[in-house]
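Visitor: this is the structure alone, sequence omitted:
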């Protein structure tokens, strides 16, 4: 499950490194995003969770694991709550926790402006990767996000930028792996320990070196290896 500005093909570099003989992998798209741009919806995570479960039914998966990037880290937990007996493992990549981002008014306004302003999306991409990557990459990533409806982005922003639903995940026993980037200024090891580590005392939290908020783009083969090791063990 992708992040707020994500599109399905952003996962491709990582998917290319996964063992197709071991795993059947589907990249989920939210309503209003990418190939589902024309689908109306409430644009919230309870709806997305129901859609994931429907997708699993179509694929005839009695059990499945979930990987979520950024806001997708929050979204996969909604799926785990809705399908406790079916979800085997969770992996969050630079993931928003069940506590939400809990933004102050200034930061919230900045992200809200990105809904209709591509240049702000570009700034967010640069800042969230430690201003280490090329302008060409961040402009392309921002441009890709035009495939996502502004009203859908606004709806999902309201979901992950608030106070979250930490009280609901208490007691979830699903195994959890969290990967954070060394150069991610927002979701780092300390922040993950205060949130994911509190909600899931059994969670494993690892730092991926040399990356920021987009590890599966910045270091895709390494992230694929971490995913295979976690999902297959």
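Guide: Okay, I see it. Nothing here was measured: the structure is a model prediction, and the numbers come from that model. Numbers count the residues shown, from 1 in each chain.

Visitor: quick one: terminal-to-terminal distance for stretch 86-103?
Guide: One end of stretch 86-103 sits 32 Å from the other (C-alpha to C-alpha, to the nearest Å).

Visitor: buried stuff in that stretch?
Guide: Buried residues in stretch 86-103, counting neighbours by 16 or more other C-beta atoms under 10 Å, are found at 86-87, 89-101, 103. Any C-beta I mention is one placed from the backbone N, CA and C, and that applies to glycine too.

Visitor: go on, stretch 58-66?
Guide: Buried-residue list, stretch 58-66, by 16+ other C-beta under 10 Å: 64, 65, 66.

Visitor: span of it from start to end?
Guide: Using C-alpha to C-alpha, the two ends of stretch 58-66 sit 16 Å apart.

Visitor: ok, stretch 199-212 next?
Guide: Span of stretch 199-212 from end to end, C-alpha to C-alpha: 23 Å.

Visitor: show residues contacting it.
Guide: 94, 97-99, 128-130, 132-133, 166, 169-170, 172-185, 188-189, 192-193, 196-197, 215, 218-219, 222-223, 226, 230 (C-beta atoms under 8 Å, 6 or more residues apart in numbering).

Visitor: filter these down to the buried ones.
Guide: 94, 97-99, 128-129, 133, 169, 172, 174-181, 183-184, 189, 192, 196-197, 215, 218-219, 222-223, 226, 230.

Visitor: circling back: what about the contacts of stretch 199-212, which are in helices?
Guide: Judged by DSSP state H, the contacts of stretch 199-212 include 128, 166, 169, 189, 192-193, 196-197, 215, 218, 222-223, 226, 230 as members of helices.

Visitor: now for these, which pair is the farthest apart?
Guide: 166 and 222 (29.7 Å; C-beta to C-beta).
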